[in-house]
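Chemist: when you get a sec, could you give me coordinates for this:
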Amino acid sequence: MDKKFDVVALGEAMLEFNQTTPGQPLYRQGFGGDTSNAAIAAARAGAQSAYLTRVGADAFGDALLNLWHAEGVDSRSVQRDAHAATAIYFVTHGRYGHEFSYMRAGSAASRMTPHWLDQTPTHPTGDGTSPAEAIAAAHILHLSAITLAISPEACDTGFAAMALARAAGTKVSFDSNLRLKLWPLARAQACIAKAVALCDIFLPSLDDMVALTGLAEPDKIVDWGHAQGARSVVLKMGSDGALVSDGTQRRRIAALRVEQVDATGAGDCFGGNLLARLALGDDVFTASIYANAAAALAVQGFGAVEPLPRPDAVYAAL
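Modeler: All right, here's what the predicted structure looks like:
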């Protein structure tokens, strides 16, 4: 099949309410959802991207569809659910950083099933595409541990999507995004290890891997990822930059020193930009340098989506 998409992401998108003044009930409305953020970041980086999810037949679902349209993210595989809501979350800021509060239980996205992957949704233009078709038409499928954690059915759907990707010659990218509010640690450990075994590009963060594996040394974490089966491992270490390995060699990438305003979605920005650059022909080391700079720019604004940079700003930072 012709690969018309560079990056296709699968997961849950949400409306975001981000606190602008610590301790005050003042919130800026934005958008979030780790894989949606990554799909938008990839599109802003110049990739042809698409998003696969389910949203409510509500105003928040309308807002997300309008967002993807405005950002050039293909949404022809998005299904509306008249019986379940679009999820929302709140971000509060304090002396220990940012904290997330979610209202997503029973959301439309959490009701995705493996059967849904083969369904073609009704689309206003009449050219809806099933998620399975979109996956087969992509160079890279991206999903995260949150995709697997929002419900047992979504977990099954994530693994089914990865199997479809591998059968179609689509590479699989997996982000460790660990949210222990969503599932027990033991289940997270088992499911994430299984997902890493099926992926080509593993995008863990240092904090996640300490909690998941007990390992704190970056090189040992990278070794763990390769031992599970990942071909490339890009360990995100925040202010310490990234450690990148293609299985043959590894390199450390220093962080850019910036004034951090809000780190919400920084890892998603990194992942989306990395995947875009890989799909556009960069090797994993060159792509990681670009993604590292993009993430540094993203933390200088509020919200997960609004501060996502475009190439001119990234190249200026580099």
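
Chemist: tell me which residues in stretch 184-202 are buried?
Modeler: 188, 191-192, 194-196, 198-202 (16 or more other Cβ atoms under 10 Å). For the C-beta atoms, the positions are set from N, CA and C on the backbone; glycine is no exception.

Chemist: with pLDDT added, can I get the residues you listed in CSV?
Modeler: Listed next are these as CSV, based on pLDDT from 0 to 100:
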residue, pLDDT
Ala188, 98
Cys191, 98
Ile192, 98
Lys194, 98
Ala195, 98
Val196, 98
Leu198, 97
Cys199, 97
Asp200, 98
Ile201, 98
Phe202, 98
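
Chemist: just the ones of the residues you listed in strands?
Modeler: Among those, the subset assigned to strands under DSSP state E consists of 201-202.

Chemist: report the two of the buried residues of stretch 184-202 separated the most.
Modeler: The two members of the buried residues of stretch 184-202 with the most space between them (Cβ to Cβ) are Ala188 and Asp200, at 21.2 Å.

Chemist: pick out the residue nearest the middle of the chain.
Modeler: The C-alpha lying nearest the average C-alpha coordinate of the chain belongs to Thr35 (Cα atoms, centre = their mean; 2.8 Å).

Chemist: quick check: the gap between that residue and Lys220.
Modeler: Applying Cβ to Cβ, to the nearest Å, one obtains 27 Å for the distance of Thr35 from Lys220.

Chemist: what do you get for Ala85?
Modeler: As defined by Cβ to Cβ, Ala85 lies at a distance of 42 Å from Lys220.

Chemist: give me the more crowded residue out of the two.
Modeler: In this view Ala85 and Lys220 are compared by other Cβ atoms under 10 Å, and Ala85 has more residues nearby, 18 against 13.

Chemist: need the nearest residue in space to that one, chain neighbours excluded.
Modeler: Spatial nearest neighbour of Ala85, chain neighbours left out: Gly56 (4.4 Å); criterion: Cβ to Cβ, 6 or more residues apart in numbering.

Chemist: tally of neighbours for that neighbour?
Modeler: Using other Cβ under 10 Å as the criterion, Gly56 is surrounded by 20 other residues.

Chemist: that one contacts Gly106, correct?
Modeler: No - counting by Cβ atoms under 8 Å, Gly56 sits too far from Gly106 to count as a contact (10.5 Å).

Chemist: which residues do the two both contact?
Modeler: When contacts are counted by Cβ atoms under 8 Å, 6 or more residues apart in numbering, Gly56 and Gly106 have 84-85 as shared neighbours.

Chemist: coming back round to it: and the buried residues of stretch 184-202 as TSV, adding distance to Pro131?
Modeler: Converted to TSV, the buried residues of stretch 184-202 look like this (distance: Cβ to Cβ, whole Å):
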residue	distance to Pro131
Ala188	24
Cys191	20
Ile192	22
Lys194	20
Ala195	17
Val196	22
Leu198	17
Cys199	18
Asp200	19
Ile201	20
Phe202	22
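
Chemist: nearest to Asn292 among the buried residues of stretch 184-202?
Modeler: Nearest to Asn292 out of those is Ile201 (Cβ to Cβ; 15.3 Å).

Chemist: identify the bridge partners of the closest one.
Modeler: Bridge pairing for Ile201 (DSSP bridges) gives the partners Ser173, Ser232.

Chemist: list the residues that contact it.
Modeler: 140, 171-174, 230-232, 234, 274-275, 278, 284 are the contacts of Ile201 under Cβ under 8 Å, 6+ apart.
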